[in-house]
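**Student:** Quick one, fold the following:
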Amino acid sequence: MSVLLSARRGVRSAVLTVALAIWAVPGYAGTPQNDQPLSKPAAAEPFAMTASLISSGGLLGKWEGVSRAIEADLEIIRRCESDRAHCTSPAALRLLAIIDSAHNRDGLAKLGEVNRAINLAIRPMSDEAQHGLPDFWSSPLATLTSGVGDCEDYAIAKYVALQEAGVSQADLRLVIVHDRAFGEDHAVLAVRFEGRWRMLDNRRMIMAEDTQMRHMQPLFTIDRDGVRRFEDLNTMIAVAGSDQPAQAPSAPAKIAELATSVPAEIAIAAQPLASEGFGLMMF
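**Tutor:** Predicted coordinates for the structure are as follows:
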């Protein structure tokens, strides 16, 4: 009997040792099979990546230009808000109606209302067809006046509408991605809610989290402070292609692999980051 009891204690001790070793692996704390953590910390930028400000280039010039147009729009919107009976801008009244509807909702319902309303208010049309240019960024009132636009026009209108509906600018990002599903660059609005980034896309009414958008390769993030280039993706690719062996902690091989591997879809589909001359083809 003493021999059997001793053996059982030995087995329990071995199981506990392995469990503690697995638990100690960085990035592994009961992670489900799809590699999605059970709980995620608040991310400073969408896609849980770091990004560095850029000081020049065509993309920054586009954002600075449309930012000035947005400020002019906001003056018209606020004048119309104070005296709607004498407002001479149908586009401003239309945007105010969207903002009013969003004001009456809380949380995700506020985001969903703006996403739905803007998606329905604008018909998709490429910049080439509308302006005769490969890429042209319009302010919200210009877009609502014409009634047409492409992906960044939708995202810019949502950015302004949510800002005016009470969402902090610190929680709003215009994000430029490469959509691998379509092989084209695309723009969406990312909104941080309860520490998680939701993607407001002109192609769908459902707002997915950034962690669910595996077909999107992040390129740039844009907010009130300027334009930032995502950094982490190139680092991950460099590590994946390095001849140096990864330093994994002592743990069972499968757990060590989960902690150190780079997803194959990223390594295979990754492309150089877009230059300042890229064109947004999606609409």
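**Student:** Enumerate every residue touching residue 159.
**Tutor:** Going by C-beta atoms under 8 Å, 6 or more residues apart in numbering, residue 159 touches 172, 174, 189. The C-beta positions use only the backbone N, C-alpha and C, and glycine is treated the same way.
**Student:** residues contacting residue 193?
**Tutor:** 107, 108, 111, 171 are the contacts of residue 193 under C-beta under 8 Å, 6+ apart.
**Student:** where does the first one land on pLDDT?
**Tutor:** Right, the one you point to is residue 107. pLDDT recorded at residue 107 is 94.
**Student:** So what's the residue count around it?
**Tutor:** Neighbour count for residue 107, taken as other C-beta atoms under 10 Å: 9.
**Student:** What sits closest to it if chain neighbours are left out?
**Tutor:** Nearest in space to residue 107, with sequence neighbours left out and distances taken as C-beta to C-beta, 6 or more residues apart in numbering, is residue 193 at 6.8 Å.
**Student:** In this structure, where is pLDDT below threshold?
**Tutor:** Low-confidence segments of the chain, defined by pLDDT under 70: 1-43, 232-283.
**Student:** Among the contacts of residue 193, which lie within helices?
**Tutor:** 107, 108, 111 (DSSP state H).
**Student:** any idea how far the first one lies from residue 159?
**Tutor:** The spacing between residue 107 and residue 159, counted by C-beta to C-beta, to the nearest Å, is 18 Å.
**Student:** Same question for the last one.
**Tutor:** Applying C-beta to C-beta, the value for residue 111 to residue 159 is 12 Å.
**Student:** For PyMOL, write a command that selects the buried ones of the contacts of residue 159.
**Tutor:** In PyMOL syntax, the buried subset of the contacts of residue 159 is picked out as below (16 or more other C-beta atoms under 10 Å):
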select buried, resi 172+174+189
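**Student:** Closest to residue 122 out of the contacts of residue 159?
**Tutor:** Nearest to residue 122 among these is residue 189, at 13.2 Å by C-beta to C-beta.
**Student:** Isn't the closest one up against residue 155?
**Tutor:** Yes - Residue 189 lies in contact with residue 155 (C-beta atoms under 8 Å); the separation is 4.3 Å.
**Student:** Done for today, thanks.
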